[in-house]
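# this one's sequence-less:
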């Protein structure tokens, strides 16, 4: 594939994936009006199976990423769009490279309530009687820590689909044919809600102190073949340096911890001039035990900073918490 064209792969399901990929295409076209950008949609295993936990498909990487990346290897695509938090952090993808990271959206998590419910009701009850849905192990652990009286429900689907199910009082079917729900609330990323025009549904912002974000949350990444220099040069037009620096620090934490899809690991880097502060934490699945740390260092050495933070967590016993969350057949 050559010439003034670029084919980008993305998930077929979900308004957020479409919006993110369209933003990549818009930025590329604004840099070169002669570039023909085509968006190719894929139905991934994670989209086809809306009931199983993501671990069944090898985590988010297997559920949403592997099929699209295979198309790059086959030469069908130049590049692929990802929410960076969905890329596995404990293993690299042979012969592929993240060539661009868009400017970061809000990284924090947010609470969305079913229509008719109020945040005051939830506060007064301390969550007792509330069913809160999420498909992220990290979010579930934080929710159990913040609302110990609430019932945390495994709830899958694209953000717009989950909110529709929430408002309609729909049940979530699990892989063993059981149904759970309906939910009273969801915990989702603010960036996703903003991209699909549903930011007005935010009932509560969780500060990073309450719920530290996932590594890469709020960053849209574009991956391509390592040796495809024409594509890498084009993607370099839209690469955002602050986002890339933060992403490298946060993903280095995952690499050090050998983080996997069932690990309640959080990592978030904040830039301030020439300095960077890296925060990270590990929880047990029930949210009862929390190990956290932070370090400050030069912003131009993000991996070194992330590595130091990861080893801090290991020194404090993070490996034991991560091992407890690992599936028995992993």
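Good, I have the coordinates. A quick note: this is a predicted structure, and the numbers were derived from the prediction, not measured.

# Leaving out sequence neighbours, find the closest residue to residue 5.
residue 36 (4.4 Å; C-beta to C-beta, 6 or more residues apart in numbering). Using the backbone N, CA and C atoms, a C-beta is placed for each residue, glycine as well.

# Neighbours of the one you found, how many?
12 (other C-beta atoms under 10 Å).

# Could you pull up the residues touching it?
4, 5, 6 (C-beta atoms under 8 Å, 6 or more residues apart in numbering).

# Is the second one in contact with residue 35, as I believe?
What it means is residue 5. Yes - with contacts counted by C-beta atoms under 8 Å, residue 5 reaches residue 35, the gap being 7.3 Å.

# who has more neighbours, those two?
For residue 5 versus residue 35, the count of surrounding residues by other C-beta under 10 Å is larger for residue 35: 16 against 12.

# dump the residue contacts of that one.
Neighbouring residues of residue 35 by C-beta under 8 Å, 6+ apart: 4, 5, 6, 28, 29, 234.

# Out of those, show me where the pLDDT dips lowest.
Across those, the smallest pLDDT goes to residue 4, namely 85.

# That one: neighbour count?
11.

# what's the answer for the one 5 residues further on, then?
Burial measure for residue 9: 25 neighbouring residues, criterion other C-beta under 10 Å.

# Just the buried residues of the helix or strand where residue 313 lies, please?
Applying DSSP states H and E as the criterion places residue 313 in helix 302-315. Using 16 or more other C-beta atoms under 10 Å as the test for burial, helix 302-315 gives 302, 305, 306, 307, 308, 309, 310, 312, 313, 314.

# repeat for stretch 208-223
Buried residues in stretch 208-223 (16+ other C-beta under 10 Å): 211-223.

# Return the residues in contact with the nearest residue to residue 170 once chain neighbours are set aside.
Computed as C-beta to C-beta, 6+ apart, the closest residue to residue 170 that is not its neighbour in sequence is residue 182, at 6.0 Å. Residue 182 makes contacts with 114, 131, 165, 166, 169, 170, 171, as judged by C-beta under 8 Å, 6+ apart.

# of the residues you listed, closest to residue 18?
residue 165 (19.0 Å; C-beta to C-beta).

# all helices of the stretch 101-250 of the chain, in order?
Along the stretch 101-250 of the chain, counting by DSSP state H, counting those that start in this stretch, helices occupy 119-125, 137-146, 159-168, 190-195, 229-236, 241-257.

# what residues does the fourth one touch?
Contacting residues not belonging to helix 190-195 are listed as 15-16, 19-20, 23, 105-110, 112, 159, 199, 201-202, 205, 217-218 [C-beta under 8 Å, 6+ apart].

# Looking at the residues you listed, which are in strands?
Using DSSP state E, the members of those that fall within strands are 109, 110, 112, 202, 205.

# where does the stretch 151-300 of the chain have low pLDDT?
177, 260-262 (pLDDT under 70).
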